[in-house]
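okay, predicted coordinates and the sequence, questions at the end:
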Amino acid sequence: MGPLTRRRAVRAALSSCALAALLATPAQATTELNIIPHGQGEPGASWLTAPGILPLDAQAKMYDRITPLYREIGANVTTPTADGSGFYKSSRLITNADDPALLTDQTITGSAANGQPVTARIRRDSYGVPHIYSSTDDGALFGAGHVVGEDRNLLLGQARTNGIASLLDLPGVPGINLVLGLFDYQPTQAVIDEVTRQQTDSLERAGAEGRQVLADIDTYLNGLNTWRSANSPTTKPFTRTDIYALNGIKAQFLGEGGGKELANEQLLSGLKGALGKKTGERAYTDLRQRVDPEHPRTGERRASWYEDVSVANGRGVVHLRRGSFSSSEISLPGDDASSRSVPAEGAAPDGDTRASNSLLVSGKRSKTGKPLYVGGPQIGYNYPGLTLEMGLYSPNIKVRGATSAPFPGYMLIGRGENFAFSLTSAGADITDTYAERLCGSSKTKYRYRGKCLTMQSVDAGTISKGGKTVKASFRRTIHGPVVGYARDSKGNRIALSKRRSSARQETNDQLLFRRLTFGQVKTPKQLNDAAALTPQTFNSFLATDKDIAYFTSGRLPVRPAGVNPDLVTDGQGKYEWKGYLKPSQHPQDANPKSGLLVNWNNEPAPGWPASDERVSQGPEDRVKLLNTELARQGKHSIESVLSAANAGATQDPRGKLAWPIIADVLKRTKAPSKLSARAARVLDQWSRGGATWVDANTDGTIDAAGVPVIQSVWIPLADAAMCSRLKSKGCAALRARQGEQNAPPGGQSSGWQNYLDKDLRRLLKRPVKGKYKLTYCGKGSVKRCSKDLWKAIDKAVQKEAKVKGRGPDPTSWRDPESNVAIQFSPLPLFEMQYTNKPSGIHQVLDFTP
């Protein structure tokens with residue numbers, strides 16, 4: 001592996017007392033498992049050919065193997081295997097460097113940030129997972145850098161400059177899209193210097209811990225560059241800027257929230273245009289579902305933050321003239337930003353990334369009397385993967401889990417001795433859109449606090465792909481990047497800019513992960529204190545052998561009273577943020593009475609509003625699938641919790657949660673045809689059976705006839721329920737903001753099922769908390785609603801039967817599993833059955849000793 005690799009020097013490098021400490025065996029959990037479907041390595045890694053190392057797709061095949069089991073999870077599933085034949089691998093802490101499970105042996109030497117020499121011994125198991133041993137903490141971080149260099153060399157090369165786009169908030173150009181789209185962004189030296197200075201200054205302002213993170217970054221870089229100099233000497237040395245850029249991608253991809261005021265304004269404008277001002281505002285309030293009292297929450301402790309805001313009379317709200325928005329975002333090679341009606345989203349190109357979930361069960365709900373934990377982050381199915389696994393063992397570090405290139409040897413998700421930690425994206429509203437009043441006819445001068453200021457013009461470099469190059473330049477106001485221009489309701493031309501509270505301090509997120517990695521977070525209070533250090537918006541979870549807890553982080557702005565943060569705010573200075581919420585005001589809970597903390601990117605606490613980026617956060621959120629599965633048992637084993645997670649991952653909220661109430665409305669009138677009646681019975685049966693998309697016998701066909709039926713009827717049915725009230729223009733506005741469905745292969749995180757459930761229950765005169773201001777289906781008539789729904793179903797299934805040639809018997813309809821199969825990108829790895837569960841790492845832990 002190069003001149004600094006030594007295979008026989010470790011026993012001399014590690015003192016006998018330090019080695020004895022490392023060999024001390026910690027208390028281990030009864031069940032300790034994980035899986036990372038994209039695997040550990042990437043093509044070309046030298047260790048892939050070592051004896052006993054499994055193929056790179058071994059974990060993908062294991063991950064796929066559990067999907068068709070649905071909720072039938074037994075002890076065989078929770079028994080780890082080292083040869084790839086099972087479902088999970090062991091996630092035990094291998095503190096003994098001479099454990100027989102470890103196959104390869106490599107020793108590296110170098111120096112820490114302070115110049116002191118360090119040595120690390122790297123040993124890999126059959127899955128290629130590296131376990132890094134050192135007599136110093138710096139040695140372990142140095143070893144982590146070396147491993148990342150080898151195991152994510154391709155990712156580093158693609159991401160090191162693209163991430164600067166994230167730090168800049170380059171308009172319309174999310175860094176993750178550049179990475180996965182294989183674009184080449186070359187920033188100017190001026191913006192490189194700018195973002196480097198900002199990130200360094202932010203960590204230095206964090207005090208001793210921030211300075212320690214900087215030192216750890218430098219030590220990690222020494223390890224990374226040790227690998228580079230020996231294996232890729234022509235590659236430019238990695239610097240702090242590269243680590244900052246990687247942190248920018250992570251922050252933008254997973255840790256942001258809000259910023260969708262323009263999309264909300266267009267929804268409101270469309271509804272007012274279709275229904276009139278007052279009725280349109282009422283419809284907007286209904287459909288926005290900002291704080292729905294029936295929405296399932298993770299914790300029981302209340303947290304309020306702008307719970308009541310006015311749509312009609314919000315202070316500082318700037319309404320836009322319909323159709324006047326013109327984007328000024330940067331158009332990528334082959335793209336046309338000027339055609340966008342709203343700013344580009346920051347999601348990955350391969351779909352919904354908000355599928356992270358966590359299921360924590362306290363000792364009171366556990367059969368063993370000890371907590372249980374199943375969960376992890378969903379970051380898409382990429383190969384090479386964005387995460388990789390490692391175990392670190394040094395005097396103050398004994399941890400194993402998933403990390404990523406932005407982390408200087410710290411764990412993103414992992415476990416230590418009798419504790420585990422994870423996170424999900426919270427999406428809290430940390431980004432606002434401001435209307436900048438222009439001075440006269442100028443496009444570059446704007447009013448702020450009584451003065452005309454000049455926008456900053458930023459030459460950010462170039463973006464290339466496929467032989468085409470575009471210039472990356474934009475304007476910036478005191479609030480942030482300008483994303484476009486429009487006219488307000490009076491016809492005045494305005495610029496629109498975005499302010500994000502976590503800007504210029506993305507790498508401060510590592511303050512949280514350092515504490516987790518160094519074993520400093522083992523109680524709910526320690527979790528709260530650590531998670532409060534990150535400016536990014538996550539739900540952080542902790543499970544120990546005693547407690548379960550969560551904390552929602554983020555630099556959460558305190559806005560002036562009366563401001564509506566869902567809509568565009570006047571940017572002249574009167575409505576600026578007044579500070580940030582105190583940590584004690586954030587959503588948080590520990591050991592709730594229910595004995596459960598369950599999150600699938602739903603809202604965390606009673607009273608907490610859905611961020612302006614989210615609409616339809618109502619009663620039938622997909623997290624209810626997990627809650628319903630967990631409710632099947634009063635006391636849980638690790639197998640029953642895993643069963644809940646696996647079943648929920650293949651269920652369809654439309655069929656499982658929404659169809660029963662639809663079916664009750666349909667009973668109020670007769671089916672218009674035998675075919676539509678048969679189709680409804682198919683959906684009845686499918687719903688009662690769990691509304692799953694599973695191919696249990698793995699024959700390439702989804703088992704349930706309910707899948708093609710729901711796919712054919714749902715959009716017409718949802719339109720029939722909502723559009724009689726909203727009219728065609730109002731429905732079009734809603735559809736542009738929130739589609740009728742987010743069906744597989746999407747993450748099923750959104751759709752109109754929440755609207756239908758709440759509206760139809762009211763029609764049936766059943767209890768409804770937080771009733772809508774308007775009635776929708778049948779304009780309040782249950783019989784008319786029933787007839788409208790039947791008509792939509794009948795038209796859809798008649799078309800399916802005749803035009804698409806499925807035939808008159810919907811019980812025989814089937815869809816190929818390949819329609820929704822999971823494909824890895826940007827490189828192929830292995831095709832998997834559709835499932836909607838964590839992919840960055842899936843952890844399974846029972847804390848019974």
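Sure thing, it's come through.

assign V521 to helix, strand or coil.
The local conformation at V521, judged by DSSP: H, G, I helix; E, B strand; the rest coil, is coil.

I'd like to know how far it sits from E194.
According to C-beta to C-beta, to the nearest Å, V521 stands 33 Å off from E194. To be clear about C-beta, it is placed using only N, CA and C from the backbone, and glycine gets the same treatment.

neighbour count winner among these two?
In this view V521 and E194 are compared by other C-beta atoms under 10 Å, and V521 has more residues nearby, 25 against 18.

ok, the more buried one - contacts?
The neighbours of V521, taking C-beta atoms under 8 Å, 6 or more residues apart in numbering as the test, are 419, 421, 515, 527, 530, 542.

can you check E576 too?
Neighbours of E576 in contact, by C-beta under 8 Å, 6+ apart: P560.

same question for V820.
Counting by C-beta under 8 Å, 6+ apart, V820 has contacts 693, 702, 744-745, 834.

now, of these, which are buried?
Buried members of the contacts of V820, scored by 16 or more other C-beta atoms under 10 Å, are 693, 702, 744-745, 834.

so which of those is the closest to A312?
P744 (38.7 Å; C-beta to C-beta).

and the gap between that closest one and V820?
Taken as C-beta to C-beta, the span from P744 to V820 is 4 Å.

mind giving me the packing neighbours of the lengthiest helix in the chain?
Under DSSP state H, the helix in the chain containing the largest number of residues is helix 706-737. With contacts taken as 3 or more C-beta pairs under 8 Å, 6 or more residues apart in numbering; DSSP states H and E, helix 706-737 sits against helix 261-275, helix 277-288, helix 674-688, helix 753-763, helix 782-802.

if you set the cut-off to 6 Å instead, what comes out?
Applying 3 or more C-beta pairs under 6 Å, 6 or more residues apart in numbering; DSSP states H and E, one finds that helix 706-737 contacts helix 261-275, helix 674-688, helix 782-802.

comparing these, which comes out most buried?
helix 261-275 (a mean of 23; mean count of other C-beta atoms under 10 Å).

tilt between it and helix 706-737?
Angle of helix 261-275 versus helix 706-737, following axes from the mean of the first three to the mean of the last three C-alpha atoms, to 10 degrees, is 90 degrees.

and helix 261-275 with helix 277-288, angle?
Using the same axes, to 10 degrees: helix 261-275 against helix 277-288 is 130 degrees.

need the max-distance pair from the contacts of V820.
Going by C-beta to C-beta, the pair spanning those furthest: I702 and P745, at 12.1 Å.

where do the helices sit along the stretch 101-250 of the chain?
137-151, 153-159, 162-168, 175-180, 189-205, 208-231, 240-254 (DSSP state H, counting those that start in this stretch).

for S46, which of these is the nearest?
Closest approach to S46 among these is made by helix 137-151 (7.1 Å; C-beta to C-beta).

what touches both of P744 and V820?
Common neighbours of P744 and V820 are listed as Y834 (criterion: C-beta atoms under 6 Å, 6 or more residues apart in numbering).

tell me the one of the contacts of V820 nearest P100?
The nearest member of these to P100, counting by C-beta to C-beta, is Y834 at 37.9 Å.

contacting residues for the closest one?
Taking C-beta under 6 Å, 6+ apart, one finds 693, 744-745, 820 in contact with Y834.

in helices, which of the residues you listed appear?
With helices defined by DSSP H, no entry of those lies inside them.

residue ranges with poor pLDDT in the stretch 601-750 of the chain?
Along the stretch 601-750 of the chain, no part satisfies pLDDT under 70.

what do you get for the stretch 151-300 of the chain?
Ranges of the stretch 151-300 of the chain meeting pLDDT under 70: none found.

what about G519, neighbour count?
14.

meant to ask about G149, not that
Neighbour count of G149, defined by other C-beta under 10 Å: 25.

kindly report the same for E42.
If you count neighbours by other C-beta under 10 Å, E42 ends up with 20.

next up, the contacts around it.
When contacts are counted by C-beta under 6 Å, 6+ apart, E42 touches 154, 384.

for it, what is the enclosing helix or strand?
Assessed by DSSP states H and E, E42 sits outside every helix and strand.

state the distance from it to S404.
13 Å.

surely M832 and Q823 touch.
No - applying C-beta atoms under 6 Å as the test, M832 and Q823 come out as separate, 8.4 Å apart.

now R240. Nearest residue, chain neighbours left out?
I217 (5.9 Å; C-beta to C-beta, 6 or more residues apart in numbering).

how near is the residue nearest to S673 when sequence neighbours are not counted to P716?
In this structure, S673 finds its nearest non-sequential neighbour in D794, 5.3 Å apart by C-beta to C-beta, 6+ apart. As judged by C-beta to C-beta, D794 and P716 stand 10 Å apart.

just checking, P524 touches I548?
No - counting by C-beta under 6 Å, P524 does not reach I548; the two are 8.4 Å apart.

which one of the two has more residues nearby?
Using other C-beta under 10 Å, the more surrounded residue of P524 and I548 is I548, with 28 against 20.

who does the more buried one bridge with?
A543 (DSSP bridges).

restrict stretch 409-427 to CA atoms and write it as PDB.
What follows is stretch 409-427, C-alpha atoms only, in PDB (Å, rounded to 0.1, in the frame of the first residue of the first chain):
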ATOM      1  CA  GLY A 409     -13.300  10.300  11.900                       C
ATOM      2  CA  TYR A 410     -16.600  10.900  13.600                       C
ATOM      3  CA  MET A 411     -19.700   8.700  13.300                       C
ATOM      4  CA  LEU A 412     -22.900   9.900  11.600                       C
ATOM      5  CA  ILE A 413     -25.000   7.000  12.900                       C
ATOM      6  CA  GLY A 414     -23.600   4.400  15.200                       C
ATOM      7  CA  ARG A 415     -23.300   2.600  18.500                       C
ATOM      8  CA  GLY A 416     -20.900   2.600  21.400                       C
ATOM      9  CA  GLU A 417     -20.900   0.600  24.700                       C
ATOM     10  CA  ASN A 418     -24.500   0.300  25.700                       C
ATOM     11  CA  PHE A 419     -25.700   3.300  23.600                       C
ATOM     12  CA  ALA A 420     -26.700   4.000  20.000                       C
ATOM     13  CA  PHE A 421     -27.500   7.200  18.100                       C
ATOM     14  CA  SER A 422     -29.300   8.100  14.900                       C
ATOM     15  CA  LEU A 423     -31.100  10.900  13.200                       C
ATOM     16  CA  THR A 424     -33.800  11.800  10.700                       C
ATOM     17  CA  SER A 425     -34.200  15.000   8.700                       C
ATOM     18  CA  ALA A 426     -36.600  17.400  10.600                       C
ATOM     19  CA  GLY A 427     -37.000  19.900   7.800                       C
END
